[in-house]
Structure formats: C-alpha cells, structure tokens
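Asker: Sharing a sequence plus its predicted fold:
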Amino acid sequence: MKRHCLALDLVDDPKLIEEYERYHLNVWPEIKQSITEAGIVEMEIYRVANRLFMVMETNDDFSFEKKAKMDAANLKVAEWEQLMWKYQQALPIAKPGEKWLLMQNIFKLTEQ
C-alpha cells in the first residue's frame, strides 16, 4: 500500500467553493468507479480556505501514468474534470495543464 498527497487550489470565491463541496457530497458513480479501478483504495480531500489537500491510499500496482491513460479514455471522467475546472485553479508553481500536484513528504514521526 502506498500513500500519495497532492495539493490544488480552488477559485477563491465562497459561492464557487460551496458548489464544489456540494458536488463532492455526491460524486458521480462513474467517477468513483474510475478511481477504484485505477488502484486507489481510499481517497480523502481536505480544504483550508481555497487550498485543497488530497490523500490517496493506493495498491502496489497503481501509477499516475496508468490512471492518466484510463482517464483519457473515459468520457465521463473528461466531463467531470471539465466541470471541476470551473472551481479549481492550478497552484502558482504548476506547469501549464497541471492540476493536482504531488507533495513531498518531509517528516514522519515513526519509521516503519
């Protein structure tokens, strides 16, 4: 099992943030299915102000490259991602087209 942490910003507008959170109360079933089929076992998203933090627990076969290929071939995922861009904005350090950025772990209380 692997853990990945990612960050992304939302457009800093309270109304849009509220809409974004409402969508995430009822994520489309096709999106949940695409997430689990890619090897993501658990996913949580946290928010502070307009900053999002995602924690993903994945099986050992998961890769971001495989997930990207699967997403590119899934029209429902493309529709969801297009919709979410209304609410999301790339971090200032993101390259063109980058969305969620992988974070580097800099501290761990215990070694396992």
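Answerer: Cool, got the structure. Computed from a predicted model, the values in this text were never measured in an experiment. Residues are numbered from 1 along each chain as shown.

Asker: Remind me what the lengthiest helix in the chain packs against, helices and strands.
Answerer: Identified as the longest helix of the chain according to DSSP state H is helix 14-25. On a contact count with 3 or more CB pairs under 8 Å, 6 or more residues apart in numbering; DSSP states H and E, helix 14-25 meets strand 2-10, strand 40-48, helix 75-84. (Glycine included, C-beta is placed from N, CA and C.)

Asker: next one: stretch 47-63 to chain centre, how far?
Answerer: 6 Å (CA atoms, centre = their mean, to the nearest Å).

Asker: Could I get the average pLDDT for it?
Answerer: Averaged across stretch 47-63, the pLDDT comes to 97.

Asker: cool, and stretch 1-14?
Answerer: Stretch 1-14 comes out at a mean pLDDT of 97.

Asker: Any buried residues in that stretch, and which?
Answerer: 4, 6, 8, 9, 10 (16 or more other CB atoms under 10 Å).
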